[in-house]
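Student: For reference, the sequence and a predicted model appear below.
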Amino acid sequence: MSNKKQEFEYDLVRDFLSGKSGADRKLYDYLAPSLYPICLRYAPNKLESNDMFQDSMVRVFRRLQDFRFEGSLEGWCKRVCVNQCLDILRKKNLFKEESLKENHSEIASPEVSGEEKLIHEQLIELLERLPHGYRTVFNMYVIEGYTHSEISEKLGITESTSKTQLFKARKQLQNWMKREG
């Protein structure tokens, strides 16, 4: 991360923590483009992703005093957001073995514009079609970089279930891509 970006982020945090007027809006505007897509990936539908995003921003704002000014603010906030999304999903008991089998979700259409983003849009649509358990494990393992052990601990499932869900998610995505590609 460049020093200018880091200085900018740290100034945002200092302004927010000191109660500077408008700092909350600046922080929100800075973080929203990177946090909202995380919520879209984890939520079963667009309405739920909006709720997850709001809850994540509240958690970031409440915990910002815990930020140690070490590394990227954006990275720290992404971790807070992922954990908030997982907490919400865990409270809904979506990770019981029976819930992971065929709990298909609605297809949400993220608003992505431009031809250069067509592939990204198609991938997001495919991910949203995955059963909830498949999608969550896929997001955590492939996108967020969690290990199966960490996924197991965070979701309250076995490592074997995590591996199986990832395998099934990949297989389903490959099948859809072959059919629709």
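Tutor: Done, it's in.
Student: Mind checking the pLDDT average for the helix or strand that contains residue 122?
Tutor: Residue 122 belongs to helix 118-129 when assigned by DSSP states H and E. For helix 118-129, the mean pLDDT works out to 74.
Student: From the centroid of this structure, which residue is nearest?
Tutor: residue 38 (2.6 Å; CA atoms, centre = their mean).
Student: mind listing what it touches?
Tutor: Neighbouring residues of residue 38 by CB atoms under 8 Å, 6 or more residues apart in numbering: 56, 78, 81-82, 85. Glycine gets a C-beta too; all of them are placed from N, C-alpha and C.
Student: Name the nearest of the residues you listed relative to residue 70.
Tutor: Nearest to residue 70 among the contacts of residue 38 is residue 78, at 15.0 Å by CB to CB.
Student: From residue 56, how far out is that closest one?
Tutor: Look at residue 78 and residue 56: by CB to CB, to the nearest Å, they are 9 Å apart.
Student: Compare the two (neighbour count), which wins?
Tutor: residue 56 (26 against 19; other CB atoms under 10 Å).
Student: just checking, the more buried one touches residue 85?
Tutor: Yes. Between residue 56 and residue 85 there is a contact under CB atoms under 8 Å: 6.9 Å.
Student: tell me, what's touching those two both at once?
Tutor: 38-39.
Student: Check the offset of the helix or strand containing residue 84 from the chain's centre.
Tutor: Using DSSP H and E, residue 84 sits in helix 73-91. Taking the mean of its C-alpha atoms, helix 73-91 sits 7 Å from the chain's own mean (CA atoms, centre = their mean, to the nearest Å).
Student: switch to numbering from 57
Tutor: In the new count, where the first residue is 57, that last one comes out as helix 129-147.
Student: That one: which residues count as buried?
Tutor: Buried residues in helix 129-147, defined by neighbour count with 16 or more other CB atoms under 10 Å: 129-130, 132-134, 136-138, 140-142, 144-145.
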